[in-house]
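Chemist: what follows is a predicted structure for the sequence shown.
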Amino acid sequence: MSAQRLHSKFDGGNDLILEVDNQGNLPAEFNADNHKVNTSQRKRSRKRSRGKSQDQQQNPIEVDKKKLEPSEIIQTETKEISKQNGHLKLQNDNNNNNNNKITYNNISKNLRDSRGNSNKLKKPKNFKPKTVDFFSDDEDSNLKDTKGNYIDLKSKAENLLKIRKSLPVYKAKDEIVSRLLKNRVTILIGETGSGKSTQIPQFLLPSNNKCIAVTQPRRVAAINLATRVAEEAGSYLGDKVGYSVRFDNKSTHNTKLKYLTDGMLLREIIIQTNLPQYSTIIIDEAHERTVLTDLLMGFLKELLERRSDLNLIIMSATLDAEKFSKFYNNAEILFVEGKNFKVDRYYLNSSADDIVDTCLKSIIQINNGEQEGDILVFLPGQEEIDKSVGLLERIAPDLPKEAPLIVPLPLYASLSPADQAKVFLPLKARRRKVILATNIAETSVTVPGVRYVIDSGLRKVKVWRHQLGLSTLLTAPISKAAAMQRSGRAGREREGKVFRLYTEDDYLKLPNQTEPEISRSNVISPVLMLKKLGIDDILNWSWLEHPGEDSLISSLTQLYQLKALNDSGTITKLGDDMAILPLEPQLSAILIKAHEFGCLEHVIDIVSCLSVDNLILNPQSDIRDEVNEKRRNLCILGSKHGDLIMLKELFDYYLQFNQISDSKSERAQWCKELALSNRGFKNVFKVRNQIRQYMVTLTKDKHLFEKIEQSDDNDDDDDKINYSKPMDIPSILKSFLSGFISNTAIGMPDRSYRTTTTGQLISVHPSSLIFGEKKDAIMYTDYVYTTKGYARNVSVIELSWLQEMGSHILAPGKVNAVAE
DNA sequence: GAGCACTGC
């Protein structure tokens, strides 16, 4: 039998449900039974069958629906689906043979507390909930806005007050406020649903004479919170309550409560170090420990010493309060209960050796045995999700009709917005959504209707190796806190269940908290910012989490090589300018050099493309060659000079569509054919406009560009191609060398490449336009290690440019020595 | 001869 068994590695495990062919597909005949197979599937199926014996060509499985009796499938255990006489059969397995099934231990009886069984924080003494009438406190002119619709806003706010009063945090309003006012720094632990992010800032409004800032790690969160709180407070959005995120500012000097991203507050620190406009700063979601939140906490610790009138509140959802408290000289910790429903937890009896297989079984088991309610599945990445979705789509029509029909939906960031939105659409009766998501569903996207969570216990994590100057993407176990967060997604609307695809022992071995991002990231940007703010002793700065000496020294070295720091480690004029630009230091350095070389307008376009994620998409493998060929044919210059120039050509083509009216659908079609993101290009325009404005400021040259487009959100961009000069490709690429001088490699006689810095072997990634061509030297923007070291986004350079641009780094003669 | 989680200015 040539067909292999369904197993994510397709290596023939023992615990199998369905058989698949060598490609990992279920046989076409499986779907043909439901008239759902399409011609291409049939063709592929025939193609694969060639060369096999008559016996082998027989359908390895046929679904015999008569065998799928309800009595067999409603049990909670997944049935072993075995092959007998070429038929698929679900076996009812009520005995204790655990070899081929998943068994969960319900430990919820012992661990019903949704806060977890360890590290449980005690509530402070004297913590007695109280109810306070909101308007008795706040009934003053604060509620009036400039536009005069006082009554409408007020009645809306009054209606919302009923809901607000049901929030746990509201019941303790007086107690909380008095403590927050008494302390300079307070750590406030509030579970999801406590209402801390919306209510606490409002409680503090009457007692603050200046503005209150509330930071969020994500833009959508800042916007949504501000919108909600503006309604509750009876304010127009952007008046008393507003927000500020990149490309979107709805706040004025009158704003008393401002929600902003933590990146935005860091920008404000660069402009005005002491943040004089704020009297209270609230850092929300501190437990996420993003690089920017961590940096903020360090800055604010120092700022508190200079600003005696400043109050700071650190809000966190999990119980890592001790760390924050110690950092701020044993600041008081307050605890506010959440409003989550109970979530029963189930674990595997033995570890899963194949996560996709175990996951599919669990989905089928829940679908067969549990009441209505959608299923949210956490998987590490796109690969596992796409595989699972594909298999579920094929299996779903043939599952027992007594259970709801499974509707699998993928959810990850690189999906188009339209595809992402599908998870929110309601389904017909007798259907069950199965959302297969990455970490995006842990915090960024909340899907309603979820009652069951399946947690693979895995995530993808990007790790920066400063010794090698490259980053790798690894699949790694999550932390207990993350497991808790994931399971909480099942209890947002009513009681739910979480099925953890690992054992309880495995769970207990997990780290309590997720490792802070800063300890595994390239800290070149943070270090430049510290230097910009005049902090000389980087190693002994008030790091909430010290990134490590090696990592800091590596960053200082990179900045020195970019000429942002001089020999004594002091920031240069160039470094000063680089810190102001909203870009990675390398890209900032490139822009400044491009201005010097007179090719700024073109380089800005390329840099804008580089700073937008998911602009150039990875085509599906079956059309990959076709798409590459199209790109190559379209981008004549890119084929010769490499991928940076390709970006510029693509951008210019995209720009042309904007000059033709009614070309939107054409443009979308063009993007589709070349596997480019239409939405991504719109973001490129926003970034491009912003960078142009920054460059005008930095160069103090108002006429730097003939026309700077005002950023607006409508789709009718009327950008024109009106560059002052034609492209000078050597100048453009030399500008890029000023930022990526360390990312260069020399072509060897045997067609391989070796890096100029360490002499390591490096391969051009096959997605590059210059893949397979022999060149003297290359420059790349990314270096990723997967199956081997790959240079991605590769450009062709000349050896002489290396000497010209890199003489301060590359030792004289070194380049030639490597080349020989 | 190929896989990339999530954010931010």
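Modeler: Received the coordinates, thanks.
Chemist: could you find the closest non-adjacent residue to residue A:199?
Modeler: Excluding its sequence neighbours, the residue lying closest to residue A:199 (Cβ to Cβ, 6 or more residues apart in numbering) is residue A:169, at 4.9 Å. From N, CA and C alone the C-beta is placed, and that goes for glycine too.
Chemist: and residue A:754, how far from DNA strand B?
Modeler: Applying Cβ to the nearest atom of the strand, to the nearest Å, the value for residue A:754 to DNA strand B is 16 Å.
Chemist: was I right to think that residue contacts residue A:763?
Modeler: No - using Cβ atoms under 8 Å, residue A:754 is not in contact with residue A:763; the gap is 10.8 Å.
Chemist: give the other helices and strands that the strand or helix carrying the residue nearest to residue A:199 contacts.
Modeler: Taking DSSP states H and E as the criterion, residue A:169 maps to helix A:168-171. Helices and strands touching helix A:168-171, by 3 or more Cβ pairs under 8 Å, 6 or more residues apart in numbering; DSSP states H and E, are helix A:196-204.
Chemist: which neighbouring elements make contact with the helix it packs on?
Modeler: Helix A:196-204 sits against helix A:168-171, helix A:173-182, strand A:185-190, strand A:211-216, helix A:219-232, strand A:278-283, strand A:311-316, with contacts defined as 3+ Cβ pairs under 8 Å, 6+ apart.
Chemist: which intervals of the stretch 701-820 of chain A have sub-threshold pLDDT?
Modeler: A:706-722, A:810-820 (pLDDT under 70).
Chemist: and for the stretch 551-700 of chain A?
Modeler: Filtered on pLDDT under 70, the stretch 551-700 of chain A yields the residue ranges A:620, A:661-662.
Chemist: need the residues of it near DNA strand B, please.
Modeler: Residues of the stretch 551-700 of chain A lying near DNA strand B by Cβ under 7 Å from any atom of the strand: A:582, A:583, A:584, A:611, A:613, A:618, A:620, A:621, A:624, A:625, A:628.
Chemist: so after the host helix or strand of the last one, what's the next helix or strand?
Modeler: If I follow you right, that is residue A:628. For residue A:628, the host element (DSSP H and E) is helix A:624-634. Downstream of helix A:624-634, the next assigned helix or strand under DSSP H and E is helix A:636-641.
Chemist: just the CA coordinates of the following helix or strand past that next one, formatted as PDB?
Modeler: Next in sequence after helix A:636-641, counting helices and strands by DSSP H and E, comes helix A:643-659. Output of helix A:643-659 as PDB, limited to C-alpha atoms (Å, rounded to 0.1, in the frame of the first residue of the first chain):
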ATOM      1  CA  ASP A 643      15.300  42.700  -5.100                       C
ATOM      2  CA  LEU A 644      15.500  46.300  -3.700                       C
ATOM      3  CA  ILE A 645      15.300  47.600  -7.200                       C
ATOM      4  CA  MET A 646      12.400  45.200  -7.900                       C
ATOM      5  CA  LEU A 647      10.500  46.800  -4.900                       C
ATOM      6  CA  LYS A 648      11.000  50.200  -6.500                       C
ATOM      7  CA  GLU A 649       9.800  49.000  -9.900                       C
ATOM      8  CA  LEU A 650       6.700  47.400  -8.300                       C
ATOM      9  CA  PHE A 651       6.000  50.500  -6.400                       C
ATOM     10  CA  ASP A 652       6.200  52.600  -9.500                       C
ATOM     11  CA  TYR A 653       3.800  50.300 -11.300                       C
ATOM     12  CA  TYR A 654       1.400  50.500  -8.400                       C
ATOM     13  CA  LEU A 655       1.700  54.300  -8.600                       C
ATOM     14  CA  GLN A 656       0.600  54.300 -12.200                       C
ATOM     15  CA  PHE A 657      -2.700  52.700 -11.300                       C
ATOM     16  CA  ASN A 658      -3.400  55.700  -9.100                       C
ATOM     17  CA  GLN A 659      -3.200  57.900 -12.100                       C
END
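Chemist: phi, psi for the closest residue in space to residue A:227 that isn't next to it in sequence please.
Modeler: Once flanking residues are discounted, residue A:227 sits nearest to residue A:237: 5.7 Å by Cβ to Cβ, 6+ apart. With angles defined as degrees, to the nearest 10, residue A:237 sits at phi -70, psi 130.
Chemist: who's in contact with residue A:237?
Modeler: A:226, A:227, A:230, A:243, A:250 (Cβ atoms under 8 Å, 6 or more residues apart in numbering).
Chemist: try it again with 6 Å
Modeler: For residue A:237, the contact set (Cβ atoms under 6 Å, 6 or more residues apart in numbering) comprises A:227, A:230, A:250.
Chemist: please tabulate those in a markdown table, including the columns distance to DNA strand B.
Modeler: Output for those, formatted as a markdown table (distance: Cβ to the nearest atom of the strand, whole Å):
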| residue | distance to DNA strand B |
| --- | --- |
| A:227 | 15 |
| A:230 | 19 |
| A:250 | 12 |
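Chemist: how is chain A partitioned into domains?
Modeler: In the assignment given by automatic domain parsing, the structural domains of chain A cover A:1-100, A:102-110+A:340-520, A:134-336, A:522-580, A:585-732, A:741-819.
Chemist: before we move on, back to that, any residues touching the helix holding residue A:169, and which ones?
Modeler: Contacts of helix A:168-171 (Cβ under 6 Å, 6+ apart): A:129, A:131, A:164, A:194, A:195, A:196, A:199, A:336, A:337, A:339.
Chemist: pick out the residue of the stretch 51-200 of chain A closest to DNA strand B.
Modeler: Per Cβ to the nearest atom of the strand, the residue of the stretch 51-200 of chain A with the smallest distance to DNA strand B is residue A:197, at 15.0 Å.
Chemist: count the residues that sit near that residue.
Modeler: Using other Cβ atoms under 10 Å, residue A:197 is surrounded by 23 other residues.
Chemist: secondary structure class for residue A:476?
Modeler: Assigned by DSSP: H, G, I helix; E, B strand; the rest coil, the conformation of residue A:476 is strand.
Chemist: any idea how far it lies from DNA strand B?
Modeler: Using Cβ to the nearest atom of the strand, we find residue A:476 at a distance of 10 Å from DNA strand B.
Chemist: for that residue, which non-adjacent residue is spatially closest?
Modeler: The spatially closest residue to residue A:476, leaving aside those adjacent along the chain, is residue A:461, at 4.8 Å (Cβ to Cβ, 6+ apart).
Chemist: quick one: the one you found is in a helix?
Modeler: No - assessed with three-state DSSP, residue A:461 is strand; it does not lie in a helix.
Chemist: kindly provide the distance from it to DNA strand B.
Modeler: Distance, residue A:461 to DNA strand B, using Cβ to the nearest atom of the strand: 6 Å.
Chemist: do the same with residue A:242
Modeler: 14 Å.
Chemist: after the helix or strand hosting that residue, which helix or strand is next?
Modeler: Taking DSSP H and E as the criterion, residue A:242 maps to strand A:241-245. Counting by DSSP H and E, the next helix or strand C-terminal to strand A:241-245 is strand A:248-250.
Chemist: sounds good, over and out.
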